[in-house]
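How does the following fold in three dimensions:
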Amino acid sequence: MVTRRIAAPDRRAKRTRVKVERSLLELLAERGYERTSVRDVAARAAVGKSTFYEHFRDKDAVLKSRLARLARVLGRATVNAEIAFPFLEPLLEHVSAHRPLASRLGKSSTGVLVLTRFARVVRSCVRAELARLYPRARAQNLDFATEHVTGGLTALLEAQGSQPRPPKPAEAALDFRRLVLPGLDASLGARQSPR
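Okay, here's the model as predicted:
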């Protein structure tokens, strides 16, 4: 007897989840978070509400899933990286790909909550990277440096999202490293080779 591996439902489920996530991002850029409903997201994704609820509890769960997906992408960029802050380029590319969304979110109180969650993902990546680069630094110093680097990176991301012609992600990442690393070295001590 030959057993067949049935992988289609898993792939279909993943495609559906990604489609719903993308639909949410599109609607957030158009309407904002508070004016986007589950019905709107399901309609944009071309799925029924029951299908939506098979995958997500509510639109907040869609947002959390999308941010978790982004965190995984940024985390993968760090594995075996030979440069400091290897997640910068994928992060800057993500912001460039969602420029209308970034400008829309800053204009409402609920949008600020979405940006706050996004900032948590960024902060987590920064903290992990600082621990990787400066393994002998004290936790308190790493926490302090994390807040400063995250603040600088958030400002860079806002500029990338609002400038009419922002620098390419690779250029912006290189400039960010040039500005930040000397200060980190002075504050946290000798940097370990990224690899």
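
contacts and neighbour counts: CA atoms only from here.
Will do.

Find the centremost residue of the chain, please.
Leu70 (4.3 Å; Cα atoms, centre = their mean).

Which helix or which strand is home to it?
Element membership for Leu70, per DSSP states H and E: helix 59-78.

Can you mark which positions in the helix or strand just after that helix are buried?
Downstream of helix 59-78, the first helix or strand assigned by DSSP H and E is helix 88-97. Going by neighbour count (16 or more other Cα atoms under 10 Å), the buried part of helix 88-97 is Leu88, Glu89, Pro90, Leu91, Leu92, Glu93, Val95, Ser96.

again with stretch 29-43
So for stretch 29-43, counting by 16+ other Cα under 10 Å, buried means Ala29, Gly32, Tyr33, Thr36, Val38, Val41, Ala42.

now stretch 153-162
Leu153, Thr154, Leu156, Leu157, Glu158, Gln160, Gly161.

so the fourth one is in which element?
Leu157 is part of helix 139-162 when elements are defined by DSSP H and E.

Report the mean confidence score over that helix.
In this model, helix 139-162 has an average pLDDT of 89.

Next, the angle from it to helix 88-97.
40 degrees (axes from the mean of the first three to the mean of the last three Cα atoms, to 10 degrees).

Return the set of buried residues in whichever helix or strand comes after helix 139-162.
Sequence order places helix 169-188 as the next helix or strand after helix 139-162, per DSSP H and E. The neighbour-count criterion (16+ other Cα under 10 Å) identifies Pro169, Ala172, Ala173, Phe176, Arg177, Leu184, Leu188 as the buried residues of helix 169-188.

so how far is helix 169-188 from its chain's centroid?
19 Å (Cα atoms, centre = their mean, to the nearest Å).

What are the contacting residues of it?
84-85, 88-90, 92-93, 134, 137, 141-142, 145, 149, 153, 191 (Cα atoms under 8 Å, 6 or more residues apart in numbering).

could you check the distance from Pro182 over to Gly189?
10 Å (Cα to Cα, to the nearest Å).

Out of the helices and strands in this protein, which is least certain?
helix 99-105 (a mean of 72; mean pLDDT, DSSP states H and E).

just the angle between the following helix or strand past that helix and helix 139-162, please?
Downstream of helix 99-105, the next assigned helix or strand under DSSP H and E is helix 109-133. For helix 109-133 against helix 139-162, the angle by the same axes, to 10 degrees is 130 degrees.

low-confidence ranges in this protein?
1-9, 103-110, 194-195 (pLDDT under 70).
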